[in-house]
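Trainee: just the structure for this:
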Amino acid sequence: MTDAAVENVQGEDVSGDWRRYQFVLWTDVAVPLKAFIVFAILLIAAILAAAPILQRAGTSQADFFAMLPALGKKPMVAQAMTALSDLVLLFFLWRIGRRVADGSLVARYRAMGLLLPALALVGGVALAFATMVGIAQLASHQVVQFHPRPDEQFFVPGTDWQYPIVLATAGLIAPFVEEFYFRGVLLSWLGAKITIMPAILVSAALFGLLHFRFAGHPGAEGWVFTGVIALVGLINAMLATTTKSLWPPFCLHAAYNTTLVAMALVPRLLG
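Mentor: Residues are numbered from 1 along each chain as shown. This next block holds a predicted model:
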């Protein structure tokens, strides 16, 4: 066995050879589907377990199941379900991270200095403001008309005490899990199949498309949102491959999401 092969088995990086990421399997790429199935089973089990408890408390099963659709539309419940589904996915991602050799992922949450994460935080805030300005310009010049989706309002805090919950879900948990999957697992698997730049471009495109903004928003506005998300994915993929760590992409992603959520508080403060 060559020295490079020995280093690869031990989990150390072998510079210049993207084939070192071959230990990420196609089944790892499909892990969100597995996580969704497990989350659905857990959710159904929780509902079935809650029904008899509520029945003993005076709520009939018919009334309980009738109020479930309305309960699912409550912002707090939607936020909690999203956070729980992300945590289920994180469990499977953690198992992948433990299984593969260290060099098998293009980037992990490796320890690093504070400078790059700090710069990424600033970049995330700047990118969020640039996004808002760009969308405002498109709307003011009537190039694209934007319409908020009802389900997106689930992540707009209705009261001040909901802000910590929304910031935890949209600003911390979701960016952490998404970076682990898209810039860790998916980008690593793509990197074993194609060269680095196509892998970055494909992963960024999938990041944008799999948010399904093009399906939820009619016409051009859906593709504008998709393009913005893909741009964030492109920047973060380049950060991940450059730094070999997911901390800078996570910091940029978290700062970007947190800034967008925090700006929803501005009209209330000004009022």
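
Trainee: what's the spatially most central residue of the chain sitting at in phi/psi?
Mentor: By Cα atoms, centre = their mean, the chain has its centre lying nearest to residue 178, at 3.1 Å. When read as degrees, to the nearest 10, the backbone of residue 178 gives phi -60, psi -40.

Trainee: quick check: pLDDT value at residue 8.
Mentor: For residue 8, the model assigns a pLDDT of 42.

Trainee: hmm, the residue nearest to the centre of the chain is touching residue 252, no?
Mentor: No - between residue 178 and residue 252 there is no contact under Cβ atoms under 8 Å: 11.7 Å. Where C-beta positions appear, they are placed from N, C-alpha and C, glycine not excepted.

Trainee: on that earlier part again, residues touching the residue nearest to the centre of the chain, list them.
Mentor: Residue 178 makes contact with 207, 253, according to Cβ atoms under 8 Å, 6 or more residues apart in numbering.

Trainee: quick one, grab the pLDDT at it.
Mentor: On pLDDT, residue 178 comes in at 97.

Trainee: kindly report the same for residue 113.
Mentor: As predicted, residue 113 sits at a pLDDT of 90.

Trainee: next one: it from residue 120, what distance?
Mentor: 12 Å (Cβ to Cβ, to the nearest Å).

Trainee: who's more crowded, those two?
Mentor: In this view residue 113 and residue 120 are compared by other Cβ atoms under 10 Å, and residue 120 has more residues nearby, 24 against 8.

Trainee: what helix or strand is that one located in?
Mentor: In the assignment (DSSP states H and E), residue 120 maps to helix 115-140.

Trainee: which helices and strands sit right next to whichever helix or strand comes after that helix?
Mentor: Going down the chain from helix 115-140, the next helix or strand is helix 163-168, by DSSP H and E. Secondary-structure packing of helix 163-168 (3 or more Cβ pairs under 8 Å, 6 or more residues apart in numbering; DSSP states H and E): helix 75-99, helix 247-262.
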